[in-house]
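1. turn this into a model:
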Amino acid sequence: MENRSSNGWKFFALLFGAMLAGVVGLYIYRQQNPEYDPWEEPWENSSSPVDLGNGAAKEVAAEYEDVTDDEEASEE
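-> Presented below is the predicted three-dimensional model:
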């Protein structure tokens, strides 16, 4: 007959196994999605038309206006 205290190692074995499975799962997920960065802000790679104050939207808008001006000039 087993002592009551002998079940303690089973708990830690299951805990260690779950942690190991989590680490392996995270490693495999990162291998499948190398560009994924959970700490990256969602608007850093956004192609949103909203000006976020970084100047990139102004550059794109200026290029777009140049292209439309060229197209209008070629149609006339």
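2. give me the domain ranges for this protein.
-> 1-36, 49-76 (automatic domain parsing).
3. low-confidence stretches in this protein?
-> Residue ranges of the chain with pLDDT under 70: 1-5, 36-38, 40-58, 66-76.
4. ok, 50 please
-> Scanning the chain for pLDDT under 50 picks out the ranges 1.
5. can you pull out the helices in it?
-> 8-32, 56-75 (DSSP state H).
6. switch those over to a markdown table; also include distance to residue 39 and mean neighbour count.
-> All C-beta spots, glycine's among them, are computed from the backbone N, C-alpha and C. Putting the helices of the chain into a markdown table (distance: least, Cβ to Cβ, whole Å; neighbours: other Cβ atoms under 10 Å) gives the following:
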| stretch | distance to residue 39 | mean neighbour count |
| --- | --- | --- |
| helix 8-32 | 13 | 10 |
| helix 56-75 | 21 | 10 |
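7. any idea how far residue 19 is from residue 26?
-> 11 Å (Cβ to Cβ, to the nearest Å).
8. hmm, I was thinking of residue 14
-> 19 Å.
9. over to residue 17?
-> With Cβ to Cβ as the criterion, residue 17 and residue 26 are 15 Å apart.
10. and for residue 18?
-> If you go by Cβ to Cβ, the gap between residue 18 and residue 26 works out to 13 Å.
11. do residue 12 as well
-> 21 Å.
12. one more: residue 8?
-> Note on residue 8: its distance to residue 26, by Cβ to Cβ, is 27 Å.
13. distance check, residue 24 against residue 13.
-> In terms of Cβ to Cβ, residue 24 sits 16 Å off from residue 13.
14. please apply the same query to residue 35.
-> Distance of residue 35 to residue 13, computed by Cβ to Cβ: 36 Å.
15. fine, thanks again, bye for now.
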